[in-house]
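> next comes the sequence, and after it the predicted model I'd like to discuss.
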Amino acid sequence: MLYRLKDAGFQAFLVGGSVRDLLLGIRPKDFDVATDALPEEVRRLFRNCRLIGRRFRLAHVHYGDEIIEVATFRAAAAPPEVDDEDHREIDDARVSDDSGRILRDNVYGAIDGDVWRRDFTCNALYYNIADFSVWDYVNGAEDVHARVMRLIGDPELRYREDPVRMLRAARFAAKLGFTMHPDTRAPMDELAPLLAGVPAARLFDESTKIFLGGHGLASLERLVDFGLLPHLLPDTAEELSRDPAGPAAKLLRLGLAGTDARVAADRAVTPTFLFAVLLFGPIQRLALANIEAGASESHAWSDATDEVLSTQVRRVAIPKRFTLPLRELLVLQPRFDRRDGRRSLALLQHPRFRAAYDFMLLRAEAGMIPAEVAAWWTEIQTLPADERHERVAQLAPAEGAEPGEAPDGDRPRRRRRRRRRPGGGGGSDAPSA
């Protein structure tokens with residue numbers, strides 16, 4: 001791909017995280033390309049190309065399941081002391097809101113301007129295939145070797161341009177094990193509230209990168225340290241601050257560690273389970289309060305889940321395809337505490353049983369429910385149907401059944417009385433519509 005751009009007369013560089021990771025000895029997960037070709041010119045060169053983006057136009061070139069992002073060099077913003085006609089035209093072409101956040105920025109330029117538009121020095125390295133050299137304008141290679149996260153330019157201005165850079169700083173620092181340069185860290189406390197102005201859909205995308213990228217637990221700790229968590233997951237942040245070492249906090253950390261392990265093992269992860277882990281603490285607290293107020297257990301959990309989710313999706317737009325199964329997963333949790341009767345065995349047939357069971361194991365590991373409850377549900381799945389009923393019958397007297405009363409699953413069925421056909425004819429009923 002790079003050689004096709006070069007052969008067509010364009011500059012073509014590998015840029016960003018792939019160059020950084022290669023310097024660190026890490027195998028890059030993906031590759032980004034920077035070029036002086038305009039997006040429309042890239043599309044003419046590659047039939048498997050799709051143009052995306054409104055804030056900044058990008059070309060996505062598809063190779064099967066892999067996507068290579070191609071960005072045209074952007075023009076640098078005018079330094080504060082410069083006021084010439086060219087820079088005024090560039091600044092006039094940008095659209096920002098009152099806080100300085102850039103809303104649209106399709107202003108193209110050359111590589112020596114593009115570098116100043118990138119966020120961190122470690123992500124501003126360009127690998128030139130023409131002579132296999134690394135172009136470094138901002139001492140990025142030095143910061144990579146020193147393992148330091150440093151913003152390019154004035155940190156306050158760069159965060160105002162795009163507040164998501166604060167989240168990216170936390171994510172990269174967690175992923176790479178980098179320390180934060182003091183100047184890059186300093187404005188976060190004051191500017192973190194700007195995240196409220198970021199579209200909720202974009203924060204969902206960033207949240208999945210933060211927590212499903214294989215370094216979720218370390219990212220959580222960075223978000224807490226940098227004061228960013230209350231502006232991303234306010235109820236979760238409040239729960240952690242209320243009881244940092246409590247069972248809900250333990251479940252959160254165990255869940256993120258388990259997610260990181262699954263990513264490392266190349267196993268599937270889902271936002272449904274992730275946000276169940278992130279939000280369980282506040283949901284449980286509210287559900288218990290509802291029960292104390294007189295609500296039934298099922299209604300208490302259902303209402304608590306709905307209330308916490310409705311608050312969270314205004315900040316992070318979790319799609320319904322994830323919130324609906326999340327709701328079912330959490331509302332099923334109290335049913336694991338009841339192991340007697342037909343209803344307990346019916347839980348095994350529920351479409352969400354497997355996810356709910358995995359979450360129940362996590363609750364047991366966090367000390368929220370007895371270990372024997374988790375062991376019972378683990379064993380019951382391996383037994384034949386008749387042995388399952390026997391195990392349920394053994395528990396019935398100890399778990400609420402009246403002495404001598406059979407559990408629901410073993411009660412004889414009542415025979416339904418047949419209805420006569422209209423007109424008094426005999427025989428079986430006709431099937432109802």
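Now that the structure is in, tell me what you want to look at. Residues are numbered from 1 along each chain as shown.

> use CA for all of it now, contacts and neighbours both
Noted.

> where's the residue nearest in space to the middle of the chain relative to Phe353, distance?
Central residue check for the chain by CA atoms, centre = their mean: the C-alpha nearest the mean position is that of Thr208, 2.3 Å away. Distance, Thr208 to Phe353, using CA to CA, to the nearest Å: 24 Å.

> now swap in Glu307 and tell me
23 Å.

> neighbour count: the two, which is higher?
When Glu307 is set against Phe353 and neighbours are counted by other CA atoms under 10 Å, the residue ahead is Phe353, at 17 against 13.

> which residue sits closest to the more buried one, ignoring its sequence neighbours?
Among residues not flanking Phe353 along the chain, Leu347 sits closest, at 6.6 Å (CA to CA, 6 or more residues apart in numbering).

> okay, now the one you found: neighbour count?
The number of residues packed around Leu347, counting by other CA under 10 Å, is 17.

> output stretch 201-212 in PDB with nothing but the alpha carbons.
What follows is stretch 201-212, C-alpha atoms only, in PDB (Å, rounded to 0.1, in the frame of the first residue of the first chain):
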ATOM      1  CA  ALA A 201     -21.200   8.200  21.400                       C
ATOM      2  CA  ARG A 202     -17.600   9.200  21.100                       C
ATOM      3  CA  LEU A 203     -17.100   8.500  24.800                       C
ATOM      4  CA  PHE A 204     -18.500   5.000  24.400                       C
ATOM      5  CA  ASP A 205     -16.000   4.300  21.700                       C
ATOM      6  CA  GLU A 206     -13.200   5.700  23.900                       C
ATOM      7  CA  SER A 207     -14.400   3.600  26.900                       C
ATOM      8  CA  THR A 208     -14.200   0.400  24.900                       C
ATOM      9  CA  LYS A 209     -10.700   1.200  23.900                       C
ATOM     10  CA  ILE A 210      -9.800   2.000  27.500                       C
ATOM     11  CA  PHE A 211     -11.300  -1.100  29.100                       C
ATOM     12  CA  LEU A 212     -11.300  -3.700  26.400                       C
END
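
> what's around Thr270, how many residues?
For Thr270, the count of nearby residues is 11 (other CA under 10 Å).

> same question, Ala375
The burial count assigned to Ala375 is 12, neighbours taken as other CA under 10 Å.

> what's the spacing between it and Gln381?
If you measure Ala375 against Gln381 using CA to CA, the figure is 10 Å.

> by mean pLDDT, which helix or strand of the chain comes out lowest?
Least confident helix or strand, the chain: helix 85-93 with a mean of 44, by mean pLDDT, DSSP states H and E.

> all strands of this structure, in order?
For the chain, the strands defined by DSSP state E occupy 12-15, 32-35, 49-52, 58-63, 66-72, 95-96, 102-104, 125-128, 133-136, 148-149, 179-180.

> so where's the protein uncertain?
Within the chain, the ranges that satisfy pLDDT under 70 run 55, 77-106, 341-342, 396-433.

> and Ser18, how far from Pro28?
Shown here: Ser18 relative to Pro28, a distance of 5 Å by CA to CA.

> ok, these two, which is more surrounded?
The residue with more neighbours, out of Ser18 and Pro28, is Ser18; 22 against 13, by other CA under 10 Å.

> show the contacting residues for the more buried one.
Shown in contact with Ser18 (CA atoms under 8 Å, 6 or more residues apart in numbering): 28-32.

> how about the helices of the stretch 301-433 of the chain, start to end?
Listed in chain order, the helices of the stretch 301-433 of the chain (DSSP state H, counting those that start in this stretch) span residues 320-331, 342-346, 353-365, 371-380, 385-395.

> in a markdown table: those helices, plus distance to Tyr108.
Formatted as a markdown table, the entries for these read as follows, by distance: least, CA to CA, whole Å:
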| stretch | distance to Tyr108 |
| --- | --- |
| helix 320-331 | 37 |
| helix 342-346 | 61 |
| helix 353-365 | 47 |
| helix 371-380 | 59 |
| helix 385-395 | 68 |
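
> out of the ones you listed, which gets nearest to Ala192?
With respect to Ala192, and counting by CA to CA, the nearest of the helices of the stretch 301-433 of the chain is helix 320-331 at 26.2 Å.

> and that closest one with helix 353-365, angle?
Orientation note: helix 320-331 sits at an angle of 50 degrees relative to helix 353-365 (axes from the mean of the first three to the mean of the last three CA atoms, to 10 degrees).

> residues making contact with the biggest helix by length in the chain?
Longest helix in the chain, counting residues (DSSP state H): helix 271-292. By CA under 8 Å, 6+ apart, the list of residues contacting helix 271-292 from outside reads 208, 211-212, 235-236, 239, 248-249, 251-252, 255-256, 259, 297, 300-301, 303-305, 308, 322-323, 325-326, 329-330, 355, 359.

> what about 7 Å?
235-236, 239, 248, 252, 255, 297, 300-301, 304-305, 308, 322-323, 325-326 (CA atoms under 7 Å, 6 or more residues apart in numbering).

> same question for stretch 140-150.
With CA under 7 Å, 6+ apart as the test, stretch 140-150 has contacts from 20, 120-122, 124-125, 173, 178-181, 184.

> hmm, try it at 10 Å
19-21, 23-24, 119-125, 134-136, 152, 169-170, 172-173, 176-185 (CA atoms under 10 Å, 6 or more residues apart in numbering).

> buried subset of those?
By the neighbour-count criterion of 16 or more other CA atoms under 10 Å, these include these buried positions: 19-21, 119-125, 134-136, 152, 169-170, 172-173, 176, 178-180, 184-185.

> quick one: which of the residues you listed sit in helices?
Applying DSSP H to those, the entries found in helices are 19-21, 169-170, 172-173, 176, 184-185.

> would you mark the buried spots in stretch 202-209?
Within stretch 202-209, the residues scored as buried using 16+ other CA under 10 Å are 203-204, 206-207, 209.

> and the residues you listed, which is closest to Ala366?
Within these, proximity to Ala366 (CA to CA) peaks at Ser207, which comes in at 23.7 Å.

> count of residues packed around Val308?
Residues near Val308, counting by other CA under 10 Å: 18.

> before we move on, what about Ala8?
That count, for Ala8 with other CA under 10 Å as the rule, works out to 12.

> please list all residues in contact with it.
In this structure, Ala8 makes contact with 2, 37, 41, 45, judged by CA under 10 Å, 6+ apart.

> what residues are up against Gly213?
So Gly213 contacts 171, 175, 207, 219, 259-260, 263-264, 269 (CA under 10 Å, 6+ apart).
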